[in-house]
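*Asks:* Just to be clear, the model below is a prediction. Sequence and coordinates:
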Amino acid sequence: MARRFATYILLLGAFLLGACQRQTAEVQEQQFLAFGTLVDVTLHGVDATQAHQAFTTLERDLNQWHRDWHAWQPGLLTDLNRALATHGEAEVPATLRPLIEGAQRMSVRSGGLFNPAIGGLLALWGFQNDELPQQPPAASAIATWLKNPPHMTDLRLTGNHLTTQHRGVQLDFGACAKGYAAQRAIERLSELGVHNAIVAVAGDIHVAGAHGERPWRVGIRHPREAGILGAVELKDGESISTSGDYQRYFTYQGKRFHHLLDPRSGYPANTAISVTVIARDGLTADAAATALFIAGPEDWPRIARDLDVDQVMRVDNNGVVTMTPAMAARVRIEGTPTVQVQALP
């Protein structure tokens, strides 16, 4: 599940290391580890007692979700994958059903570019390990996998019963789980009476309310330089996610190999270095950022339209920043990169 280990859409001003807590008269903040990364939670307009309860609940829940959704450590998802591979069917725990349903929806809309069924390909590359691989798999192994690749459409969900005729399906929700978790965390805060908050699970962020008299502000990490590429204010209920080739990668013979694999080729996508998406829910933002990273320069506007997202920022291999009009109207770019605006079809 270690998908965005170093995405760092940074909360502006929150450059802290380790698990810590910051309190002022209006702001309560805490950081802790979950999903193999740093989670940053900031609350506004709550007292210390309410904040303590919220932080304790979120840390517990996020770590439980991480265990439940992990693709290679023992848990509910690995049990489900084993059942599908062995019997072609499985009962779906309640905590996994929204991920499966949302992933199927986004996979179909993206034309299969977002494909959480390719856990076997990620394992072949060695990305389903806590330690990064040292070299790519043999080309022959990738070619063999491509002869019969699994898709989310190979799954049939009826009630809580999941079936497949393709025994190669291996679900890995690393490309959408953190965005979904950030939104779930905000929903849990609302249940606790906290209505002004921001939760960042590494680079996947969801917000509620505002930071007092102003909106929540976040910075978008520069994919090649220290610091941020741009800054944006988020509205109540919005999510923002970034996919980048700097998040989880290794270098072999002078070439970068990252974990954002193109299911069509079996190799890392190679036409972008960063894609950021703003959407109304966390799973959509997270999954769309992955799909649009994989989509090439000619296809990404059409895929964005099909995914029903209109706020996209894409950075290509030359560092050129392309934004949709809706995104350009909101993002303040730092520095002097080449910036262009491209409308969706």
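*Replies:* Yep, it's here.
*Asks:* mind listing what's buried in stretch 175-182?
*Replies:* 175-182 (16 or more other CB atoms under 10 Å). For the C-beta atoms, the positions are set from N, CA and C on the backbone; glycine is no exception.
*Asks:* Turn the residues you listed into JSON lines, columns for secondary structure and pLDDT.
*Replies:* As requested, those are exported to JSON lines (DSSP: H, G, I helix; E, B strand; the rest coil; pLDDT from 0 to 100):
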{"residue": "175", "secondary structure": "coil", "pLDDT": "96"}
{"residue": "176", "secondary structure": "coil", "pLDDT": "98"}
{"residue": "177", "secondary structure": "helix", "pLDDT": "97"}
{"residue": "178", "secondary structure": "helix", "pLDDT": "97"}
{"residue": "179", "secondary structure": "helix", "pLDDT": "98"}
{"residue": "180", "secondary structure": "helix", "pLDDT": "98"}
{"residue": "181", "secondary structure": "helix", "pLDDT": "98"}
{"residue": "182", "secondary structure": "helix", "pLDDT": "98"}
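*Asks:* out of the residues you listed, who's nearest residue 319?
*Replies:* residue 175 (24.0 Å; CB to CB).
*Asks:* Thought residue 116 was touching that closest one, still the case?
*Replies:* Yes. Under the criterion of CB atoms under 8 Å, residue 175 makes contact with residue 116 at 6.3 Å.
*Asks:* excluding its backbone neighbours, what's nearest residue 211?
*Replies:* residue 44 (5.4 Å; CB to CB, 6 or more residues apart in numbering).
*Asks:* what do you get for residue 286?
*Replies:* residue 179 (2.7 Å).
*Asks:* was I right about that neighbour contacting residue 283?
*Replies:* Yes. With contacts counted by CB under 8 Å, residue 179 reaches residue 283, the gap being 5.6 Å.
*Asks:* so where do the strands sit in the stretch 51-200 of the chain?
*Replies:* Assigned by DSSP state E, counting those that start in this stretch, the stretch 51-200 of the chain shows strands spanning 89-91, 155-158, 161-164, 197-201.
*Asks:* Would you mark the buried spots in the shortest one?
*Replies:* Applying a neighbour-count criterion of 16+ other CB under 10 Å, the buried positions in strand 89-91 are residue 90.
*Asks:* what's next to that strand, contact-wise?
*Replies:* For strand 89-91, contacts defined as CB atoms under 8 Å, 6 or more residues apart in numbering pick out 79-80, 83-84, 160-164.
*Asks:* before we move on, back to that, tell me who's in contact with the residue nearest to residue 211.
*Replies:* 26-28, 196-197, 209-212.
*Asks:* let's see it at 7 Å
*Replies:* 26-27, 196-197, 211-212 (CB atoms under 7 Å, 6 or more residues apart in numbering).
*Asks:* mind listing the strands in the stretch 201-345 of the chain by residue range?
*Replies:* Under DSSP E, counting those that start in this stretch, the stretch 201-345 of the chain gives strands at 204-208, 216-221, 228-234, 239-244, 249-252, 255-258, 272-279, 311-316, 321-323, 332-333, 339-341.
*Asks:* of these, which approaches residue 99 most closely?
*Replies:* strand 204-208 (13.8 Å).
*Asks:* chain center to the closest one: distance?
*Replies:* 12 Å (CA atoms, centre = their mean, to the nearest Å).
*Asks:* Same question for stretch 45-61.
*Replies:* Taking the mean of its C-alpha atoms, stretch 45-61 sits 24 Å from the chain's own mean (CA atoms, centre = their mean).
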